[in-house]
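Novice: give me the fold of what follows.
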Amino acid sequence: MKYRPLGGLTREQHDVINHALVPLNGEQIGKHASRHAAGGADALSGLSRSMISDFFNTPFWPNIPDTPTSYPPSAHASTHAADGADAITSALDPRALRYGLQKLAEYTFSTNGSQVTFTGLDIKTHRFYMFVVTAYNPSTTDAVIHCFINGDTTATNYYSQYCCSDATAVSAARENSAAMLNVANGAAMFGVAWLGLDCNGYPRWYGLSAERAVGSIRNITRAGGYIKSVTNITRVDLVTSVAGAFGIGSKIIVYGGSG
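Specialist: Presented below is the predicted three-dimensional model:
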């Protein structure tokens, strides 16, 4: 076919137009796509950018249809923070997704106290709860921290098994109580307890307490549970067995599963 110059087009562009308009070897227009596929008689795999430079060479933005005139950038990370105008919910918090935990509540005692109540829980959503406790017991009596489920504070509806060890002795016992963690008199402690439902819907927990002064530290592990099955846990009360055993500065943080 004779090359016919067409207003400013390159030879290659002209050939593309002619190729699209003129039947090839008797084929009908639009019926020869297979020729241009990889391995075809007239494959386009070797088409270079130089042949369509008006698109690939910058600036090519005007050649893309229906684009906005501008994308004005602005720093807005703060709007996605907690309490921001467009806050990411705790369920979508990247930190929660990364570690599998999300912080649900935190309470610090500004005066000596005996109880803290956490409401608005939903173990069907959170799967389990982890309580991280740092406490100081200013009283002269050793205390335990009870875990009461859904507002039931009747001690005989709970059982707790403990094992206590220090430098000279080991002791163990089962109690008809809701004891979950321990805090010795006149001393600080650090404890972690996990709460969940077993496969039959009974609340169970496991608690670890490191108490007394570091030089005479005592380890207490506890496994406990509620004698009634439940469909959900929506409230937990942590109550000390001795009045005021949550001294000033004692802190409880509650975490839940993220999915």
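Novice: for Glu106, which three-state class applies?
Specialist: Using DSSP: H, G, I helix; E, B strand; the rest coil, the structure places Glu106 in strand.
Novice: residues contacting the residue lying closest to it once chain neighbours are set aside?
Specialist: Closest residue in space to Glu106, ignoring its immediate chain neighbours: Ile253 at 4.8 Å, by CB to CB, 6 or more residues apart in numbering. Backbone N, C-alpha and C define where each C-beta goes, glycine included. When contacts are counted by CB atoms under 8 Å, 6 or more residues apart in numbering, Ile253 is found next to 103, 105-106, 131-132.
Novice: for Lys124, give me its contacts.
Specialist: Contacts of Lys124 (CB under 8 Å, 6+ apart): 231-232.
Novice: for it, what are phi and psi?
Specialist: Backbone torsions of Lys124, given as degrees, to the nearest 10, read phi -70, psi -30.
Novice: quick check: of the contacts of Ile253, which has the highest neighbour count?
Specialist: Highest neighbour count within those: Phe131, with 23 neighbours (other CB atoms under 10 Å).
Novice: can you say which helix or strand has that residue in it?
Specialist: Here Phe131, judged by DSSP states H and E, is contained in strand 129-137.
Novice: re earlier: can I get the contacts of Ile253 in CSV with distance to His76?
Specialist: Output for the contacts of Ile253, formatted as CSV (distance: CB to CB, whole Å):
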residue, distance to His76
Lys103, 24
Ala105, 28
Glu106, 27
Phe131, 35
Val132, 33
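Novice: ok, so of these, who is nearest Asn182?
Specialist: Nearest to Asn182 among the contacts of Ile253: Phe131, at 13.5 Å, using CB to CB.
Novice: count the residues that sit near the nearest residue to that closest one once chain neighbours are set aside.
Specialist: Leaving aside its sequence neighbours, Phe131 sits nearest to Ala193 (CB to CB, 6+ apart; 4.7 Å). The local packing of Ala193 (other CB under 10 Å) involves 22 other residues.
Novice: quick one: strands adjacent to the helix or strand where Ala193 lies?
Specialist: Element membership for Ala193 (DSSP H and E) is strand 187-197. Note on strand 187-197: by DSSP bridges, its sheet partners are strand 129-137 (antiparallel), strand 203-211 (antiparallel).
Novice: in the stretch 151-259 of the chain, which spans are strands?
Specialist: 158-165, 170-175, 179-183, 187-197, 203-211, 218-226, 236-240, 251-257 (DSSP state E, counting those that start in this stretch).
Novice: tell me which of these is the most buried.
Specialist: strand 179-183 (a mean of 27; mean count of other CB atoms under 10 Å).
Novice: tilt between it and strand 158-165?
Specialist: Per axes from the mean of the first three to the mean of the last three CA atoms, to 10 degrees, the angle that strand 179-183 makes with strand 158-165 is 40 degrees.
Novice: does anything pack onto strand 179-183? Which helices or strands?
Specialist: strand 129-137, strand 143-149, strand 158-165, strand 187-197, strand 203-211, strand 218-226 (3 or more CB pairs under 8 Å, 6 or more residues apart in numbering; DSSP states H and E).
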